[in-house]
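# what follows is a predicted protein model with its sequence.
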2 protein chains.
Amino acid sequence: METCESRKFTLCPKFEKTFEILGKKWNGLILDVLIEDGPQRFVELAGKVPEVSDRVLVERLKELEEKGLVDRTVSNEEKNRVEYSLTTKGTDLKPVMDEIKSWGEKWVDVQE
Amino acid sequence: METCESRKFTLCPKFEKTFEILGKKWNGLILDVLIEDGPQRFVELAGKVPEVSDRVLVERLKELEEKGLVDRTVSNEEKNRVEYSLTTKGTDLKPVMDEIKSWGEKWVDVQE
């Protein structure tokens, strides 16, 4: 895989791609719930990101699954029990999330 | 300022706000150029984020200025020399950017 150092002055596509994933509305929050609270059923996730509609939440989870960040597992015992959890790639986002949170704590005034 | 710990299970507005700023298309790339290469004139910035139109770049710089992340300074010597640079709040985003880059280097396949 081509690293970014060789193309210092044209911005790195890897960086853009990462921002595309993280920057898409709701993705950051969904990932954060899975990082903080572990595997979640759909209704639990929907409860923790209350402003997102179920339709959009389904869409985002599908995209995150396609990007290899989220796993969707159907329980053998209880047929319709579906759980969403992070893959290793998704879990590896924790340092990014932690830095975003500490920056937000320090600088963001919610009334802005 | 109310910290987020007290509201663990409803997601923190500071976190959402931070994502809104960073996630908006082009903001991350613009901030990264200013972090990596220091103060820039408009034409220099436009050259390093080639896919963004001038109109959108002007818009984003204005928003970043309103959010207190970017300073716009007009040089006294050369009247129409305008430079954009990061505020302390903007520079404090460097750890976030570094984490995003290392995650992108490790996990993002540009052909995806």
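Everything's here; your move.
# nearest the geometric middle of chain A, what residue?
The C-alpha lying nearest the average C-alpha coordinate of chain A belongs to A:Leu31 (Cα atoms, centre = their mean; 2.9 Å).
# wait, is it part of a helix?
Yes: the assignment for A:Leu31 (DSSP: H, G, I helix; E, B strand; the rest coil) places it in a helix.
# dump the residue contacts of it.
For A:Leu31, the contacting residues are A:Leu22, A:Leu64, A:Leu69, A:Leu86, A:Gly90, A:Leu93, A:Met97, by Cβ atoms under 8 Å, 6 or more residues apart in numbering or on different chains. Using the backbone N, CA and C atoms, a C-beta is placed for each residue, glycine as well.
# give the contact list for the last one.
Taking Cβ under 8 Å, 6+ apart, we find A:Met97 in contact with A:Gly28, A:Leu31, A:Asp32, A:Ile35.
# and which of those residues is nearest chain B?
Closest approach between the contacts of A:Met97 and chain B, by Cβ to the nearest Cβ: A:Gly28, at 4.1 Å.
# wait, that closest one touches A:Thr18, no?
No: the pair formed by A:Gly28 and A:Thr18 falls short of the contact definition of Cβ atoms under 8 Å, at 11.7 Å.
# before we move on, back to that, using JSON lines, lay out the contacts of A:Met97 together with pLDDT.
Formatted as JSON lines, those follow (pLDDT from 0 to 100):
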{"residue": "A:Gly28", "pLDDT": "85"}
{"residue": "A:Leu31", "pLDDT": "92"}
{"residue": "A:Asp32", "pLDDT": "89"}
{"residue": "A:Ile35", "pLDDT": "94"}
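# A:Phe42: which of the residues you listed is nearest?
Sorting the contacts of A:Met97 by distance to A:Phe42 puts A:Leu31 at the head of the list, at 15.4 Å, by Cβ to Cβ.
# now the closest residue in space to A:Val70 that isn't next to it in sequence: which helix or strand?
Among residues not flanking A:Val70 along the chain, A:Leu64 sits closest, at 4.1 Å (Cβ to Cβ, 6 or more residues apart in numbering or on different chains). Assessed by DSSP states H and E, A:Leu64 sits inside helix A:54-66.
# filter the contacts of A:Leu31 down to the buried ones and hand me the ChimeraX line.
The buried residues among the contacts of A:Leu31 can be selected in ChimeraX (16 or more other Cβ atoms under 10 Å in any protein chain shown) with this line:
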select /A:22,64,69,86,90,93,97
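# just checking, which of the contacts of A:Leu31 belong to helices?
By the criterion of DSSP state H, membership of those in helices covers A:Leu22, A:Leu64, A:Gly90, A:Met97.
# now those residues in CSV, with pLDDT?
As requested, these are arranged in CSV below (pLDDT from 0 to 100):
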residue, pLDDT
A:Leu22, 78
A:Leu64, 96
A:Gly90, 96
A:Met97, 89
